[in-house]
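Participant: Okay, structure incoming, though there's no sequence with it:
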């Protein structure tokens, strides 16, 4: 993980800091209590991708908004490090936090996407393809910085599957 991304992730942990939950609500018909145990027993930064993925598999039946905000820095760190895919589900957590956040939270989420081009590319794919491409994050995406980051990443770094290049072209057309 690049230094810039590491610094932004530290800011995410600072701004979204919350104590480890003592209890995480869940549907006991849908979720095995053993899958919830790490969220109350393991420090946030020590949760593995496998443990966090348990949330993804049963997201509608685990936790509340406070839990999602608590989990957000770890999710974004795991995406930056390549341990979680930058897919629509995980990105939705960031998009919702941006929409509901104050200006500092919005800024750090935007900085995250600028520091993690593969996450930015996935975000562009989701927003450009959405019928609801409104809001502060969509407006920000139409700015100069996201396009410049994708262009630099597409031209200057590895892009084995072409997603960054595709996102760059899509964003250029969409803007």
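Facilitator: Done, it's in. Everything numeric in this text was worked out from a predicted model, so none of it was measured. Residues are numbered from 1 along each chain as shown.

Participant: Going by C-alpha atoms from here, please, whenever you check contacts or count neighbours.
Facilitator: Will do.

Participant: and the longest helix for the chain?
Facilitator: When every helix of the chain is counted residue by residue (DSSP state H), the longest turns out to be helix 65-80.

Participant: Please identify the buried residues of the helix or strand that that helix is followed by?
Facilitator: Counting by DSSP states H and E, the element after helix 65-80 in chain order, helix or strand, is helix 88-100. Residues of helix 88-100 classed as buried: 90-91, 93-95, 97-98 (neighbour count, 16 or more other CA atoms under 10 Å).

Participant: Show me the helices in the chain, by range?
Facilitator: Along the chain, the segments classed as helices by DSSP H run 3-15, 33-41, 49-57, 65-80, 88-100, 103-115, 117-128, 136-141, 144-156, 163-174.

Participant: average model confidence for the second one?
Facilitator: To tie it back to what came earlier, the one meant is helix 33-41. Along helix 33-41, the predicted local confidence has a mean pLDDT of 86.

Participant: Could you list the buried residues of that helix?
Facilitator: Neighbour-count burial for helix 33-41, with 16+ other CA under 10 Å as criterion, is recorded at 36, 38-39.
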